[in-house]
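> model this:
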Amino acid sequence: MAAGERPQAVLFACGQNAVRSPMAAALMRHLFGRTVYVGSAGVRPGELDPFAVAAMDEIGLDISKHRPMTFEELEDWEGLNFDLIITLAPEAHHKALDLTRVAAAEVEYWPTPDPTDIEGTRQQRLDAYRAVRDQLMRRIRARFAAPPGGGGNE
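Residues are numbered from 1 along each chain as shown. This next block holds a predicted model:
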């Protein structure tokens, strides 16, 4: 799949499906609506992070109802029928590469800092989440932008 080419279904994956992957999935849905099926998963079970909810709420996207899901739970629930798996953490990347032995999906690794590692005031911590949100937005726009002169299928 060439850069700029839009897949039918994208899975974003990180460690616990609690911060980075749900943020990326919400951004992708916001930007591309019904033109792309979007999912998210994690390697380990996690709890949705309230700072992730707050950072997304600032730009008008509500992820408060997101329930973190592991790869295995996602596979049981709806299957892993994705054209592209975008991994945001090393452990998710290794897991996705393992999956490609049985699933015909491409895997891209987008190294993304884990904002939960930041300590400090509420504002400093929230700034770390905002930085991740904004980095993901830029990356998604750059990767999935319609080719110059149109050609998008919206």
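> give me the below-cutoff pLDDT ranges for the chain.
In the predicted model of the chain, residues 1-5, 146-154 satisfy pLDDT under 70.
> all strands for the chain, in order.
Read by DSSP state E, the chain holds these strands, from start to end of the chain: 9-14, 37-42, 84-87, 106-109.
> in a markdown table, list those strands along with distance to His94 and mean neighbour count.
For every residue, glycine as well, the C-beta is placed using N, CA and C. Supplementary listing: these in a markdown table, determined by distance: least, CB to CB, whole Å; neighbours: other CB atoms under 10 Å:
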| stretch | distance to His94 | mean neighbour count |
| --- | --- | --- |
| strand 9-14 | 10 | 27 |
| strand 37-42 | 13 | 23 |
| strand 84-87 | 8 | 26 |
| strand 106-109 | 10 | 16 |
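> what are the boundaries of the helices in the protein?
Counting by DSSP state H, the chain has these helices, from start to end: 20-32, 50-57, 71-77, 90-99, 122-144.
> out of the strands of the chain, which comes closest to Glu78?
Closest to Glu78 of the strands of the chain, according to CB to CB: strand 37-42, at 7.4 Å.
> now do that closest one: which elements does it pack against?
Contacts of strand 37-42 with other secondary structure elements, assessed using 3 or more CB pairs under 8 Å, 6 or more residues apart in numbering; DSSP states H and E, are made with strand 9-14, helix 20-32, helix 71-77.
> let's have the strands of the chain in TSV, adding distance to Thr100.
What follows is these, written out as TSV (distance: least, CB to CB, whole Å):
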stretch	distance to Thr100
strand 9-14	12
strand 37-42	14
strand 84-87	8
strand 106-109	6
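> closest to Pro68 out of the ones you listed?
Across those, the minimum distance to Pro68, taken as CB to CB, is reached by strand 37-42, at 5.9 Å.
> just the angle between the closest one and helix 90-99, please?
Orientation check (axes from the mean of the first three to the mean of the last three CA atoms, to 10 degrees): strand 37-42 against helix 90-99 gives 120 degrees.
> identify the residues contacting strand 37-42?
Strand 37-42 is touched from outside by 8-18, 21-22, 24-25, 28-29, 32, 66, 68-71, 73-74, 78, 82, 92, with contacts defined as CB atoms under 8 Å, 6 or more residues apart in numbering.
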